[in-house]
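*Asks:* I would like the atomic coordinates for the input below:
(one chain, ligands or ions: 1)
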Amino acid sequence: MQAAQLFVGLDIGGTKTAVLLVDSNNTLLGKATLPTRAATPDELLAAIARAIHTALTEANATPQQIESIGMGVPGQVDPATGIVQMAVNLNLQTYPLGAAVSAHFKVPTFLENDVRTAAIGAFNHLCQTEPVQTIAYLSIGTGIAAGLVLNGRLYRGHNGMAGEIGHMLVETDGEPCKCGMHGCLETIVSGPAIVRQFLAINPQTKSQVRHAGDVYCLADEGHPVAQNVVKHVSQYLARAIQWLIMSYDVEKVVLGGGVTRSGHRFLAPILREMATLRQQSSLAAELLLDENLHLISPDFNPGLWGAVQLAKQIFLEEVAVATAINAS
Ligand SMILES: [Zn+2]
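*Replies:* Next up, the predicted model:
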C-alpha cells in the first residue's frame, strides 16, 4: 500500500509551537505541542523540526511522506517570499523562515501572519455549518488584531496590515503602547491590559491575579473592581465589533484568542454592551446583532487548522504549476 500523503500545519507562538499532521482527507494523524526556542534563528528552526518529528513519530510516519507545510507566525509576514519581519516574540528582525523550513524538509512551505492564519481556519470551520462568505476573526490575547476573509478570500490590504485594529487610538492620554503611541485599543482590551487595570487598583492581589481569566472569575463572583474592569473592556470590545461590522459589513465576527477562553463570562458582558448600543441607535439595532458573534470553541484551534489549509493550498498550487509545465 502506498504511504499516505501528509500535510503539516504549524502555529508558532512566542512560548509554544503546535503542530498538526493530517492526510488528504483532513484526518488527524499526529499532533504535538513543544516549547518554542528562539534565541537564534537556528534554534527556532531546530524547535520547529523537533515539533514536526514528534508529530511524525505519533503518526508512525516519515518526513518523506510530507507534501507541504503551512505556518502561522506572529509578526509581519510576506507570504510571497516567506520572509518574517519584526517577530519580536521569536527574536527575528528579518529572516527567510519559509525558505529555511522548506530547505530542511525539502517540501514547499507557506507562511502567513498568525491571526490571518487563524481567520482562514475559523472561516473554513464556520463554512462547515453555515454558508458564510465574509467574516472578521477577532483575536484577543496578548495583543488584539483581526483577520479578514472577504467574499471567501483572505484580505491582507495594501501593506498586509488590514485588521490591525489593536493600534487604533481610542483614548487620549491613555496608557503607552508598544507601538509608541498612547491609548491604543490594545492597551485596554488585551490580556495583559486587563490584568494591569485590575492590579492598578488592587496591587495587593498581584500573586493571585495573573491572567485575564482571573479578573473575569472575580467579576463573576461579584468583585466590584473586577466588574468595573470587565465592563470597561467589554464596552471597547463591543465598539471594536461594531467597527468591524461597519467597516467591512461582515456576516460574522468570530472571537478567539486566550482571553476568550473565559467563555460565557467573557461573552455575556459584551452582549450586554451591544444591547446598550442597539438601544441608542436604530442603525446599531439593525446591524449589531447577537447572532453576528461567534465565540470559537476552546477545543478548536483555528490557527492550526488554518495552517493546514495553507499547506494544502501551496501543495495544490505546486501541482497545478507542475501540470502546466508538463503540458507545455
Ligand atoms: Zn499601539
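
*Asks:* What distance do you get for the residue nearest the centre of the chain to residue 145?
*Replies:* Nearest residue to the geometric centre of the chain (C-alpha atoms, centre = their mean): residue 115, 3.3 Å. Using C-beta to C-beta, to the nearest Å, residue 115 is found at 5 Å from residue 145. To be clear about C-beta, it is placed using only N, CA and C from the backbone, and glycine gets the same treatment.

*Asks:* Which residues are in contact with each of these two?
*Replies:* Counting by C-beta atoms under 8 Å, 6 or more residues apart in numbering, the contacts common to residue 115 and residue 145 are 139, 163.

*Asks:* which residues touch the closest residue in space to residue 256 that isn't next to it in sequence?
*Replies:* Setting aside the residues directly before and after it, residue 256 is nearest to residue 296 in space (C-beta to C-beta, 6 or more residues apart in numbering), at 4.0 Å. Residues near residue 296 by C-beta under 8 Å, 6+ apart: 122, 125, 254, 255, 256, 260, 302.

*Asks:* Name the SS class of the third one, please.
*Replies:* Under the three-state scheme (DSSP: H, G, I helix; E, B strand; the rest coil), the conformation of residue 254 reads as strand.

*Asks:* Count the residues that sit near it.
*Replies:* 28 (other C-beta atoms under 10 Å).

*Asks:* Next one, pLDDT for the residue nearest to residue 150 when sequence neighbours are not counted please.
*Replies:* Distances taken as C-beta to C-beta, 6+ apart place residue 134 nearest to residue 150, at 5.2 Å, with adjacent residues excluded. Per-residue pLDDT puts residue 134 at 97.

*Asks:* who's in contact with residue 154?
*Replies:* 112, 116, 119, 120, 147, 148.

*Asks:* Could you confirm it falls within a strand?
*Replies:* Yes - assessed by three-state DSSP, residue 154 belongs to a strand.

*Asks:* Specify the beta-bridge partners of it.
*Replies:* residue 149 (DSSP bridges).

*Asks:* per-residue pLDDT, it?
*Replies:* Note on residue 154: pLDDT of 93.

*Asks:* Tell me which stretches of the protein form helices.
*Replies:* 41-59, 97-105, 114-127, 186-189, 191-201, 212-220, 224-248, 264-280, 282-287, 302-327 (DSSP state H).

*Asks:* mean confidence score for the fourth one?
*Replies:* What that stands for is helix 186-189. 96.

*Asks:* ok, and for it, which residues are buried?
*Replies:* 186, 187, 188, 189 (16 or more other C-beta atoms under 10 Å).

*Asks:* quick one: the third one and residue 231 touch, right?
*Replies:* So that's residue 188. No - counting by C-beta atoms under 8 Å, residue 188 does not reach residue 231; the two are 11.8 Å apart.
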